[in-house]
Structure formats: structure tokens, C-alpha cells
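> I'd like to go over a predicted model; first the sequence, then the structure.
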Amino acid sequence: MRTEILKGHVDLLLLAAVLARPSHGYAVIEELRRRSDGAFDLPEGTVYPALHRLERQGLLASQWSEETGRKRRIYAVTERGRTALAQQRQDWSLFARAVQAVVTEA
């Protein structure tokens, strides 16, 4: 999938992926890939800055965890993030229906 199609939707995708369970960055990338059947194969250079930005906005919180001798930053959706995700889901649904109505042949 062309990356320009994803612009403006990365926050929605990341919040939705982290909502299911707190995860480190690479696990988020894998979850997006798995849930999209490979369509969303986002590079680390896209995901990590977005996770940091969402944390600065208060939509995600993080803490360090050590698993098998490796320190990893684990991200979780905050209450503010849940509210934002609900709004973004609603916005996406309206947008998707409108696009479908326009691009579907009559």
C-alpha cells in the first residue's frame, strides 16, 4: 500500500493497535501487520516518532520493562487516548462511508 494513503491515519492505527494490550514498538508494528494481513507494514522510522508524539500529547503512557534481559518501552492507551480513539473511529467511519459513496459506481 502506498504510504501517502496512510498519512493522517497513523495515530488512529497506532492507538487501536495498542488498545488491545500494552506493547513495545516492534510489537505494535507486528500487530498492525498481522491485523491488516500485511497491508500496513510500517517502518520503525514512522512508528517510533508517532508513538513518542502520542505520548507527549497524553494519549499514550509508557514505562520501561525488562524482558529476557532487554529493556523495552511499553506503551499503553490512556483515558485521554481512549476518548481520542473513539472520536477518530467515528471520524474514520464517516470519512470511509463518504469516500465509498463517491468512488463506487452508481
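Done, it's in. Numbering: from 1, shown residues only.
> Spatially central residue for this protein, please.
In the chain, the residue lying closest to the centroid (C-alpha atoms, centre = their mean) is residue 14, at 0.9 Å.
> Let me know the secondary structure of it.
For residue 14, the secondary structure call by DSSP: H, G, I helix; E, B strand; the rest coil comes out as helix.
> which residues of the protein score low on pLDDT?
For the chain, the stretches with pLDDT under 70 are 1-4, 106.
> redo that, cut-off 80
Counting by pLDDT under 80, the chain has low-confidence residues at 1-7, 67, 105-106.
> where along it do the helices fall?
3-6, 10-20, 25-35, 44-56, 79-103 (DSSP state H).
> Need the contact partners of the longest one.
Meaning helix 79-103. Applying C-beta atoms under 8 Å, 6 or more residues apart in numbering, the contact partners of helix 79-103 are 9, 11, 12, 15, 16, 19, 54, 58, 59, 60, 77. Any C-beta I mention is one placed from the backbone N, CA and C, and that applies to glycine too.
> And for the third one?
By C-beta under 8 Å, 6+ apart, the residues outside helix 25-35 that reach it are 13-14, 17-18, 20, 23, 40-42, 44, 47-48, 51, 72-73, 75.
> one more time with 10 Å, if that's ok
With C-beta atoms under 10 Å, 6 or more residues apart in numbering as the test, helix 25-35 has contacts from 10, 13-14, 16-18, 20-24, 38-44, 46-48, 50-52, 62, 72-75.
> Out of the contacts of helix 79-103, which end up buried?
Those of these that meet the buried threshold are 11, 12, 15, 16, 54, 59, 60, 77, by 16 or more other C-beta atoms under 10 Å.
> returning to what we had before: what subset of the contacts of helix 25-35 is buried?
10, 13-14, 16-18, 22-24, 40, 42, 47-48, 50-51, 62, 72, 74-75.
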